[in-house]
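Student: Build the 3D model from these lines:
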Amino acid sequence: MRPLNSAANGYNPSDAPTDPALMQRWWREESAKLKAAIDAVADGFAPVVYAYPAKPREGMLRNFDGTVIDPGSGAGLYRFNGTIWAFLG
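Tutor: Model prediction:
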């Protein structure tokens, strides 16, 4: 099934271990997950999403699928201008 949450490709932290001996490995893995999420944003990656964000803010960008979510011009990249989702291409 497709993810319905637009944050599905972002960073989701895991719980820290209670055993201090496992802390170093946990932090290394969390750091790698953070780096991957930051790199994706820096590369301009915009995953296709199937739901509107819960709290859209002016300037947000989303790559809507065009079928489940179609703000008006089908699949593609949209920017929220504070009122509507404007199609960018």
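
Student: list the contacts for the closest residue to G74 other than its chain neighbours?
Tutor: Nearest in space to G74, with sequence neighbours left out and distances taken as CB to CB, 6 or more residues apart in numbering, is G66 at 4.1 Å. Bear in mind the C-beta positions are built from the backbone N, C-alpha and C, glycine included. Residues near G66 by CB atoms under 8 Å, 6 or more residues apart in numbering: G74, A75, G76.

Student: distance of G66 from A32?
Tutor: Remark: distance between G66 and A32 (CB to CB, to the nearest Å) = 33 Å.

Student: Same check on P17?
Tutor: Using CB to CB, which is the criterion applied here, P17 is 16 Å from A32.

Student: And these two? Which one has more around it.
Tutor: P17 (13 against 10; other CB atoms under 10 Å).

Student: Help me confirm that that one comes into contact with W26.
Tutor: Yes - if you go by CB atoms under 8 Å, P17 and W26 touch, sitting 5.2 Å apart.

Student: What pLDDT does the model give the spatially most distant residue from the centre of the chain?
Tutor: Each residue of the chain has a distance to the centre, and by CA atoms, centre = their mean the biggest one is for A21: 32.1 Å. What the model reports as pLDDT for A21 is 95.
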